[in-house]
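1. okay, sequence plus prediction incoming.
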Amino acid sequence: MKKAEFIDAVAEKSGLSKKDAGEALNAILETITEALKARKTVSFIGFGSFTTVHREAREARVPLTGKTVQIPARHAVKFKVGKSLKDSVA
């Protein structure tokens, strides 16, 4: 499902206009992004939680050439699925 299709579905279920649903979705995504940049956890009970994890610098091998490269340390986003979502998909 693409973003436009998602906005259409939200607008239909909520009774909002597509414009309002799109603005709400953009505000939600922006808020989640800002919280993750600040290294905060964003949790939706039953759905899941977004967190950031620190990945240490490491050395990796390029399979095609066999050459080793350095991968710098960084922060990455991690999503842990909530029980209700996991049960409904299974």
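-> On my side now, so go ahead.
2. all helices of the protein, in order?
-> 3-14, 18-37, 83-89 (DSSP state H).
3. how about those helices, which one is nearest Phe47?
-> Smallest distance to Phe47 across these (CB to CB): 5.2 Å, for helix 83-89. C-betas here are computed from N, CA, C, even on glycine.
4. how far does the closest one sit from the chain's center?
-> Using CA atoms, centre = their mean, to the nearest Å, the mean C-alpha position of helix 83-89 is found 17 Å from that of the whole chain.
5. can you check stretch 33-42 too?
-> The answer for stretch 33-42 is 11 Å, by CA atoms, centre = their mean.
6. CA atoms only for that stretch - export them in CSV, please.
-> Coordinates of each C-alpha in stretch 33-42 appear next as CSV, following Å, rounded to 0.1, in the frame of the first residue of the first chain:
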residue,chain,number,x,y,z
THR,A,33,10.6,11.3,13.3
GLU,A,34,11.4,14.2,15.7
ALA,A,35,11.0,11.9,18.7
LEU,A,36,13.3,9.3,17.2
LYS,A,37,15.9,12.0,16.4
ALA,A,38,15.8,13.0,20.1
ARG,A,39,16.4,9.2,20.9
LYS,A,40,13.0,8.8,22.5
THR,A,41,10.8,5.7,22.2
VAL,A,42,7.4,6.0,20.5
